[in-house]
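S.K.: No letters, just coordinates:
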């Protein structure tokens, strides 16, 4: 029974490390794009546009 609880307590640590690894793998190509000046400007504009779009969608969904 002690092994069962040890395994249960390991799952949150596994979940967190898996999510951090996934986020790092997804963000690595964007980090490489930031090294090139032309792509840095384009990526910055796309990030601002994405944040504004997300803000607009949330405001419309909540009716604020």
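M.R.: Yep, that arrived. These figures come from a predicted structure and were not determined experimentally. Numbers count the residues shown, from 1 in each chain.
S.K.: Mind naming the longest helix for this protein?
M.R.: For the chain, the longest helix by residue count, based on DSSP state H, is helix 2-33.
S.K.: That one packs against which elements?
M.R.: Under the contact definition 3 or more C-beta pairs under 8 Å, 6 or more residues apart in numbering; DSSP states H and E, helix 2-33 sits against helix 37-62. Placement of C-beta: from N, CA and C, glycine included.
S.K.: Can you tell me which helices and strands the helix it packs on packs against?
M.R.: Secondary structure elements in contact with helix 37-62, counted by 3+ C-beta pairs under 8 Å, 6+ apart, are helix 2-33.
S.K.: Give me the angle between the helix it packs on and helix 37-62.
M.R.: When axes from the mean of the first three to the mean of the last three C-alpha atoms, to 10 degrees is applied, the directions of helix 2-33 and helix 37-62 differ by 120 degrees.
S.K.: how close does the residue positioned nearest the centre of the chain sit to residue 30?
M.R.: Note on the chain: the residue nearest the mean C-alpha position is residue 23, at 5.3 Å, using C-alpha atoms, centre = their mean. Counting by C-beta to C-beta, to the nearest Å, the gap from residue 23 to residue 30 is 11 Å.
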